[in-house]
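S.K.: Got a sequence here, can you build the structure:
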Amino acid sequence: MQEQRLEYSGKIHATTVLGLLYKGKAVLAGDGQVTYGDMVLKAKARKVRKLYDDNVLAGFAGTAADAFTLFERFESKLEEFNGNLGRSAVELAKDWRLDRYLRRLDAQLTVLDRERIFLISGTGDVIEPDDDIVAIGSGGPFALVAARALIRHSQLDAVQIVKAAMQLTSEVCIFTNDHLSIEVLDKK
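M.R.: Next comes the predicted model:
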């Protein structure tokens, strides 16, 4: 019987980022776990941040270096288009898809302001969900379902929903922990 060998690519594997617009709040949370293969390297990483004078939230799933590059590019698009989230998201996706360097980046972004929320990917996707919830990373499907269920079947506010959904996700996704970074924008 021939032994099968698996090779590890060396990429940081996974995460969970959950964003939602709900009852006048924009909330974005990311877990803190950074993995390398089957090893946890860091438990308290910050994968979400405020941009554009604290008027836009952005979170990433993917490799850290790629994410920082995308944060910088996205923030420059926000500056270029005077904080217009939709236009900035579309222009970043265009650049990401067409630029030879950016095409190699392995990440996804969730971006939101007080009115809109988007998922942006390197394949040119700019998706604005119907239900104002976006979840990315390996725990994304778990967090999305948990947030939807909590919105439908609880009286929790936006921050409580995100915290509870991320906690539930950390209990089932091995690439997600419960050390959360949460950013909030209230309606002006």
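
S.K.: all contacts plus neighbour counts: C-alpha atoms, from now on.
M.R.: Will do.

S.K.: where exactly do the strands run in this protein?
M.R.: In the chain, the strands defined using DSSP state E lie at 17-22, 25-30, 34-36, 39-42, 48-51, 56-62, 107-112, 117-121, 126-127, 133-136, 181-186.

S.K.: Now do the last one: which elements does it pack against?
M.R.: In this case it means strand 181-186. For strand 181-186, the packing partners by 3 or more Cα pairs under 8 Å, 6 or more residues apart in numbering; DSSP states H and E come out as strand 25-30, strand 48-51, strand 56-62.

S.K.: Switch those over to a markdown table, and while doing so, append mean pLDDT, distance to residue 75 and mean neighbour count to every line.
M.R.: As requested, the helices and strands packed on strand 181-186 are exported to a markdown table (pLDDT from 0 to 100; distance: least, Cα to Cα, whole Å; neighbours: other Cα atoms under 10 Å):
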| stretch | mean pLDDT | distance to residue 75 | mean neighbour count |
| --- | --- | --- | --- |
| strand 25-30 | 98 | 17 | 27 |
| strand 48-51 | 96 | 7 | 22 |
| strand 56-62 | 93 | 9 | 26 |
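
S.K.: what's the closest of those to residue 173?
M.R.: Of all the helices and strands packed on strand 181-186, it is strand 25-30 that lies closest to residue 173, at 13.4 Å by Cα to Cα.

S.K.: Can you give the contact residues for that closest one?
M.R.: The contact list for strand 25-30 (Cα atoms under 8 Å, 6 or more residues apart in numbering) reads 15-21, 46-48, 57-59, 112-115, 158-159, 162-163, 166, 180-187.
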